[in-house]
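Enquirer: need a structure here:
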Amino acid sequence: MAVTASSEKTAAVQRVHDRYDAMVRRLIFTRTASLSEQALNAEIEPVLAAEARLLDARAFEQWQAMLSDEMQFWVPVHPDDHPAKDQALIYDDRRRLSERVAHFFDPQAWAVVAPDPLTIRQIGAVEAWDVGTEIIATAPIALLHVRRGAPVKLTGREILSLERNGAGFLITSKTLILPELALSTPHLGWII
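Expert: Residues are numbered from 1 along each chain as shown. Reported below is the predicted structural model:
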(Lines give C-alpha, C1' and ligand atoms only; values in the text may rest on other atoms or scores of the structure.)
Protein backbone atom coordinates (compact mmCIF):
# COMPACT_ATOMS: atom_id res chain seq x y z
CA MET A 1 0.00 0.00 0.00
CA ALA A 2 2.78 2.46 0.92
CA VAL A 3 4.57 1.77 -2.37
CA THR A 4 1.36 2.43 -4.32
CA ALA A 5 0.68 5.69 -2.46
CA SER A 6 4.26 6.80 -3.08
CA SER A 7 3.99 5.86 -6.77
CA GLU A 8 0.71 7.77 -7.11
CA LYS A 9 2.26 10.82 -5.46
CA THR A 10 5.28 10.61 -7.77
CA ALA A 11 3.00 10.31 -10.81
CA ALA A 12 0.91 13.29 -9.65
CA VAL A 13 4.03 15.43 -9.17
CA GLN A 14 5.25 14.38 -12.62
CA ARG A 15 1.92 15.45 -14.19
CA VAL A 16 2.31 18.89 -12.59
CA HIS A 17 5.87 19.20 -13.90
CA ASP A 18 4.70 18.08 -17.35
CA ARG A 19 2.15 20.90 -17.31
CA TYR A 20 4.82 23.39 -16.29
CA ASP A 21 7.10 22.19 -19.09
CA ALA A 22 4.24 22.46 -21.59
CA MET A 23 3.64 26.10 -20.62
CA VAL A 24 7.31 26.88 -21.30
CA ARG A 25 7.31 24.91 -24.59
CA ARG A 26 4.34 26.95 -25.85
CA LEU A 27 6.08 30.20 -24.99
CA ILE A 28 9.27 29.13 -26.76
CA PHE A 29 7.28 27.81 -29.75
CA THR A 30 5.59 31.17 -30.35
CA ARG A 31 8.94 32.98 -30.43
CA THR A 32 10.22 31.16 -33.51
CA ALA A 33 7.20 29.47 -35.13
CA SER A 34 6.78 29.62 -38.87
CA LEU A 35 4.00 31.67 -40.44
CA SER A 36 0.60 30.82 -39.03
CA GLU A 37 -2.33 29.68 -41.14
CA GLN A 38 -4.68 32.52 -42.07
CA ALA A 39 -7.79 30.31 -41.91
CA LEU A 40 -6.91 29.15 -38.39
CA ASN A 41 -6.04 32.70 -37.33
CA ALA A 42 -9.51 33.82 -38.47
CA GLU A 43 -11.12 30.91 -36.60
CA ILE A 44 -9.28 31.65 -33.33
CA GLU A 45 -9.45 35.47 -33.37
CA PRO A 46 -13.12 35.60 -32.22
CA VAL A 47 -12.27 33.31 -29.28
CA LEU A 48 -9.57 35.67 -27.99
CA ALA A 49 -11.78 38.70 -28.67
CA ALA A 50 -14.71 37.11 -26.80
CA GLU A 51 -12.51 36.24 -23.83
CA ALA A 52 -11.25 39.84 -23.59
CA ARG A 53 -14.77 41.25 -23.95
CA LEU A 54 -16.24 38.95 -21.27
CA LEU A 55 -13.42 39.74 -18.84
CA ASP A 56 -13.81 43.49 -19.45
CA ALA A 57 -17.56 43.18 -18.78
CA ARG A 58 -16.86 41.12 -15.63
CA ALA A 59 -19.08 38.41 -17.13
CA PHE A 60 -17.11 35.79 -15.27
CA GLU A 61 -19.66 32.99 -15.47
CA GLN A 62 -19.67 33.13 -19.26
CA TRP A 63 -15.88 33.49 -19.28
CA GLN A 64 -15.43 30.41 -17.09
CA ALA A 65 -17.53 28.44 -19.57
CA MET A 66 -14.72 29.07 -22.08
CA LEU A 67 -12.16 27.29 -19.85
CA SER A 68 -11.28 23.62 -19.77
CA ASP A 69 -11.16 21.75 -16.46
CA GLU A 70 -7.37 21.61 -16.87
CA MET A 71 -7.02 25.39 -17.34
CA GLN A 72 -3.78 26.97 -16.15
CA PHE A 73 -2.98 30.68 -15.99
CA TRP A 74 0.62 31.87 -15.70
CA VAL A 75 2.10 35.37 -15.46
CA PRO A 76 5.86 34.92 -15.10
CA VAL A 77 8.03 37.71 -13.75
CA HIS A 78 10.36 37.27 -16.72
CA PRO A 79 9.65 35.54 -20.05
CA ASP A 80 12.59 33.16 -19.55
CA ASP A 81 11.26 31.90 -16.21
CA HIS A 82 9.99 28.36 -15.57
CA PRO A 83 6.96 27.72 -13.33
CA ALA A 84 8.72 24.92 -11.44
CA LYS A 85 11.91 26.89 -10.81
CA ASP A 86 11.00 30.57 -10.60
CA GLN A 87 8.44 32.58 -8.69
CA ALA A 88 5.54 33.79 -10.79
CA LEU A 89 3.37 36.84 -10.39
CA ILE A 90 0.40 34.49 -10.85
CA TYR A 91 0.13 30.76 -11.43
CA ASP A 92 -3.45 29.54 -11.06
CA ASP A 93 -5.28 26.40 -12.01
CA ARG A 94 -9.02 26.25 -12.71
CA ARG A 95 -9.89 26.01 -9.00
CA ARG A 96 -7.79 29.05 -8.09
CA LEU A 97 -9.27 31.04 -10.99
CA SER A 98 -12.75 30.25 -9.64
CA GLU A 99 -11.65 31.48 -6.21
CA ARG A 100 -10.23 34.65 -7.76
CA VAL A 101 -13.60 35.31 -9.43
CA ALA A 102 -15.48 34.65 -6.17
CA HIS A 103 -13.35 37.30 -4.45
CA PHE A 104 -14.55 39.89 -6.96
CA PHE A 105 -18.04 39.55 -5.47
CA ASP A 106 -17.23 38.84 -1.81
CA PRO A 107 -18.22 41.89 0.30
CA GLN A 108 -15.29 41.14 2.64
CA ALA A 109 -12.74 41.07 -0.19
CA TRP A 110 -10.61 43.95 -1.44
CA ALA A 111 -12.00 43.53 -4.96
CA VAL A 112 -15.47 44.90 -4.21
CA VAL A 113 -14.48 48.15 -2.54
CA ALA A 114 -15.98 51.06 -4.48
CA PRO A 115 -15.46 52.30 -7.08
CA ASP A 116 -15.92 49.35 -9.40
CA PRO A 117 -12.78 48.78 -11.45
CA LEU A 118 -12.77 49.31 -15.18
CA THR A 119 -10.50 47.23 -17.38
CA ILE A 120 -10.11 47.22 -21.14
CA ARG A 121 -8.10 44.57 -22.98
CA GLN A 122 -7.11 45.23 -26.56
CA ILE A 123 -6.00 42.21 -28.55
CA GLY A 124 -3.74 42.66 -31.59
CA ALA A 125 -3.27 40.40 -34.60
CA VAL A 126 -3.87 36.76 -33.70
CA GLU A 127 -1.55 34.00 -34.88
CA ALA A 128 -2.50 30.34 -34.39
CA TRP A 129 -0.97 26.95 -35.13
CA ASP A 130 -2.53 23.49 -34.97
CA VAL A 131 0.29 21.38 -33.55
CA GLY A 132 -1.75 18.17 -33.44
CA THR A 133 -2.42 17.84 -29.72
CA GLU A 134 -3.57 21.44 -29.27
CA ILE A 135 -3.92 24.77 -30.96
CA ILE A 136 -1.40 27.35 -29.83
CA ALA A 137 -2.38 30.99 -30.31
CA THR A 138 -0.66 34.24 -29.52
CA ALA A 139 -1.47 37.93 -29.81
CA PRO A 140 -0.12 41.21 -28.52
CA ILE A 141 -2.25 42.60 -25.71
CA ALA A 142 -2.69 46.03 -24.16
CA LEU A 143 -4.44 46.36 -20.81
CA LEU A 144 -5.80 49.50 -19.20
CA HIS A 145 -7.05 49.24 -15.62
CA VAL A 146 -8.68 52.15 -13.81
CA ARG A 147 -9.77 52.14 -10.18
CA ARG A 148 -8.06 54.68 -7.98
CA GLY A 149 -5.07 56.81 -8.62
CA ALA A 150 -3.20 56.67 -11.89
CA PRO A 151 -4.43 54.23 -14.52
CA VAL A 152 -2.39 51.05 -14.91
CA LYS A 153 -1.31 50.54 -18.52
CA LEU A 154 0.40 47.31 -19.50
CA THR A 155 1.39 45.90 -22.85
CA GLY A 156 2.67 42.47 -23.66
CA ARG A 157 1.77 39.21 -25.29
CA GLU A 158 -0.64 36.43 -24.46
CA ILE A 159 -0.07 32.81 -25.38
CA LEU A 160 -3.01 30.42 -25.22
CA SER A 161 -3.53 26.73 -25.72
CA LEU A 162 -6.95 25.72 -27.00
CA GLU A 163 -8.73 22.45 -27.63
CA ARG A 164 -11.65 21.91 -29.95
CA ASN A 165 -14.94 21.39 -28.14
CA GLY A 166 -17.69 20.46 -30.57
CA ALA A 167 -18.18 23.51 -32.78
CA GLY A 168 -16.08 25.76 -30.55
CA PHE A 169 -12.95 25.88 -28.42
CA LEU A 170 -11.95 25.64 -24.77
CA ILE A 171 -8.95 27.48 -23.37
CA THR A 172 -6.61 25.02 -21.65
CA SER A 173 -3.82 27.44 -20.73
CA LYS A 174 -2.97 31.11 -20.86
CA THR A 175 0.33 32.85 -20.31
CA LEU A 176 0.67 36.62 -20.10
CA ILE A 177 4.07 38.13 -20.77
CA LEU A 178 3.99 41.67 -19.38
CA PRO A 179 7.53 43.09 -19.41
CA GLU A 180 6.70 46.18 -17.33
CA LEU A 181 5.81 43.96 -14.38
CA ALA A 182 9.37 42.76 -14.08
CA LEU A 183 10.33 46.24 -12.84
CA SER A 184 7.78 46.70 -10.05
CA THR A 185 4.40 45.22 -9.51
CA PRO A 186 1.16 46.59 -8.02
CA HIS A 187 -1.47 44.15 -6.76
CA LEU A 188 -2.46 42.05 -9.78
CA GLY A 189 -5.72 40.39 -8.73
CA TRP A 190 -7.56 42.05 -11.61
CA ILE A 191 -5.49 40.39 -14.35
CA ILE A 192 -7.08 37.32 -15.88
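
Enquirer: for the longest helix along the chain, name the packing helices and strands.
Expert: In the chain, taking DSSP state H as the definition, the longest helix is helix 2-32. Under the contact definition 3 or more CB pairs under 8 Å, 6 or more residues apart in numbering; DSSP states H and E, helix 2-32 sits against strand 67-76, strand 135-146, strand 152-165, strand 168-177. Every residue, glycine included, has its C-beta placed from N, CA and C.

Enquirer: as TSV, those with distance to residue 15, mean pLDDT and mean neighbour count would be great.
Expert: What follows is the helices and strands packed on helix 2-32, written out as TSV (distance: least, CB to CB, whole Å; pLDDT from 0 to 100; neighbours: other CB atoms under 10 Å):
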stretch	distance to residue 15	mean pLDDT	mean neighbour count
strand 67-76	10	95	19
strand 135-146	20	96	19
strand 152-165	16	96	18
strand 168-177	14	96	21
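
Enquirer: how about those strands in CSV, adding distance to residue 19?
Expert: Shown next, in CSV, are the helices and strands packed on helix 2-32 (distance: least, CB to CB, whole Å):
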stretch, distance to residue 19
strand 67-76, 6
strand 135-146, 15
strand 152-165, 10
strand 168-177, 8
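
Enquirer: point out where the chain drops to low pLDDT.
Expert: Of all residues in the chain, those with pLDDT under 70 make up the ranges 1-3, 110-114, 184-192.

Enquirer: would you mind measuring from residue 161 to residue 42?
Expert: Separation of residue 161 from residue 42 (CB to CB, to the nearest Å) stands at 19 Å.

Enquirer: ok, for residue 118, nearest residue in space, not its chain neighbours?
Expert: Leaving aside its sequence neighbours, residue 118 sits nearest to residue 146 (CB to CB, 6 or more residues apart in numbering; 4.6 Å).
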